[in-house]
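Participant: Fold the following for me, if possible:
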Amino acid sequence: MNSTAVSAPAGQSSARTARTAVAASTIGSILEYYDFFVYGTLSALVFGQLFFPSDNAAVSTLLSLASFAVGFVARPLGGILLGHFGDRIGRKPLLLFTFLLTGVVTVLIGLLPTYAQIGLAAPLLLVFLRILQGIGIGGEWGGAALLAVEHAPAHKKGLYGSLVQAGAPVGVILSSGSVALLTATLTQEQLLSWGWRIPFLASALLLLVGLFLRFKVAESPEFDMIKKTGTKVKQPVWQAIRTYPKQIVTAILIHMSDTTLGLIQGVFILGYASGVLGMNPTIVLLANIFSSVMNLITTPLAGMLGDRIGQKRVVMMGLVGLALWAFPMFLLIGTETVVGLFIAMGVGGILVGWLFSGQATLFAAFFPAEVRYSGMSLGFQIGTVFGGGFGPLIAQALTGATDGATWSVSLYMLIIAIAALIATSTVKMQPRAARPTIGADAA
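Facilitator: Take a look at the predicted model:
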């Protein structure tokens, strides 16, 4: 108890404040990915029938998945708008706003009347809510990452940043588990009638806990310093784009690498292994959950390693790993064995966690504090769109153009890994005095 009561040095947060900050940030990450994957799964399972009914089931599903894609497109917009205000008025107020917006919209989706109840207004409202949700999520990550990293003690920046990232696989596991539980215990009629609403309404619990923690946390000490010194900029988004374009592009490529691998595993391989190879869908889903568990275990371990050798080196090691693994992964899946599938997905999960772990700390070291929220959000969210939004579609198009050959998908991942590796190795970091971390780059 005494250690948390001791005053921190000037410009640093106390241990208790830092722990509250990382907890408040991590639960936001959990809610973000929980909402994201619950909507994605249910859009494929039931939303076509509920909100986009058609005589052609394929058309219904396509329209439903299009509503899912709308949220992707809105994320960079959220990063631009909310990143601007995060650099202007502070991390804490924006994090309260983004979390409340994302959480309330998710609950409202669970309360939404269906097409059978209110007609065309139902899909229009659903798309509108998805846009709002995408905007909220677009501003969430940058602020959450900064709140954790800027409050963290110097020797634990990597660990605290990685704990925010670890919220992602937790959200995936919770969403996969909740939908799997519903499909296992409810009939199709019950799922369509009321069961689909449960995961959305249940997110209110995460919302309440997260709001409690975020109200308690103090503003970032680095933003407090910006206010005291009067170093705010009027147009932080434009300033970041104009002054740090290479840093933004590097962040895009790094995040594209893990989201491309993660979504190819989580979406494309699910359909490929069960549909094309004829493997048991339940086994494929279990392999995907196993991948998320490996991701969860790896993320904080890689974060701690980054505190010792530098997050830049850790990320570059992960990019080399992705380049080396791109072809063996599909060779193992092609064996059509359970062991081969689990090894492929497990190693893939380790690589996703390894690459994802250090991004909060590393990206923060790309930008000075006055444009950090804007620069980080832009790079991360654009990378999400290209890697997560387009990755599975590109993989599907490549296999279609090569008569089902997966070497084309492996080559695509290899190219992204090499491009990200070149960019990361040459990117200019902020001077150490301007970084929120010590050891983001061990050079």
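Participant: Break down the stretch 301-443 of the chain into its helices, ranges please.
Facilitator: 311-333, 338-357, 359-364, 372-384, 391-401, 407-426 (DSSP state H, counting those that start in this stretch).
Participant: now the last one against helix 311-333, angle please.
Facilitator: Meaning helix 407-426. 170 degrees (axes from the mean of the first three to the mean of the last three C-alpha atoms, to 10 degrees).
Participant: can you list contacts of helix 407-426?
Facilitator: Helix 407-426 has contacts (C-beta atoms under 8 Å, 6 or more residues apart in numbering) with 246, 249-250, 253-254, 256-257, 260-261, 264, 268, 312, 315-316, 319-320, 322-323, 326-327, 329-330, 387, 394-395, 398-399, 401-402. Just so you know, the C-beta spots here come from the backbone N, C-alpha and C atoms, and that holds for glycine as well.
Participant: switch the cut-off to 7 Å
Facilitator: 249-250, 253-254, 256-257, 260-261, 264, 312, 315-316, 319-320, 322-323, 326-327, 330, 394-395, 398-399, 402 (C-beta atoms under 7 Å, 6 or more residues apart in numbering).
Participant: now swap in the third one and tell me
Facilitator: Residues external to helix 359-364 that are found in contact with it (C-beta under 7 Å, 6+ apart): 145-146, 148-149, 157-158, 161, 164-165, 251, 254-255, 306, 311-312, 315, 372, 376, 379-380, 436-437, 440.
Participant: and the contacts of helix 407-426, which are buried?
Facilitator: By neighbour count, with 16 or more other C-beta atoms under 10 Å, these hold 249-250, 253-254, 256-257, 260-261, 264, 312, 315-316, 319, 322-323, 326-327, 330, 394-395, 398-399 as buried.
Participant: list the contacts for residue 288?
Facilitator: 265, 266, 270, 345.
Participant: quick one: what helix or strand has the third one in it?
Facilitator: So that's residue 270. helix 269-271 (DSSP states H and E).
Participant: tell me which residues in that helix are buried?
Facilitator: 269, 270.
Participant: Quick check: mean pLDDT of it?
Facilitator: Mean per-residue pLDDT for helix 269-271: 80.
Participant: send the alpha carbons of stretch 106-122 over as PDB?
Facilitator: Presented in PDB, the C-alpha positions along stretch 106-122 are these (Å, rounded to 0.1, in the frame of the first residue of the first chain):
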ATOM      1  CA  THR A 106     -23.600  -1.400 -29.400                       C
ATOM      2  CA  VAL A 107     -26.400  -1.700 -26.900                       C
ATOM      3  CA  LEU A 108     -28.700   0.200 -29.200                       C
ATOM      4  CA  ILE A 109     -28.000  -2.400 -32.000                       C
ATOM      5  CA  GLY A 110     -29.200  -5.000 -29.600                       C
ATOM      6  CA  LEU A 111     -32.500  -3.100 -29.100                       C
ATOM      7  CA  LEU A 112     -33.000  -2.300 -32.800                       C
ATOM      8  CA  PRO A 113     -36.300  -3.400 -34.400                       C
ATOM      9  CA  THR A 114     -35.900  -5.700 -37.400                       C
ATOM     10  CA  TYR A 115     -37.100  -5.300 -41.000                       C
ATOM     11  CA  ALA A 116     -40.200  -7.300 -40.200                       C
ATOM     12  CA  GLN A 117     -41.200  -4.800 -37.500                       C
ATOM     13  CA  ILE A 118     -40.400  -1.400 -39.000                       C
ATOM     14  CA  GLY A 119     -39.500  -2.100 -42.600                       C
ATOM     15  CA  LEU A 120     -36.800  -0.200 -44.500                       C
ATOM     16  CA  ALA A 121     -36.000   2.000 -41.400                       C
ATOM     17  CA  ALA A 122     -34.400  -1.100 -39.800                       C
END
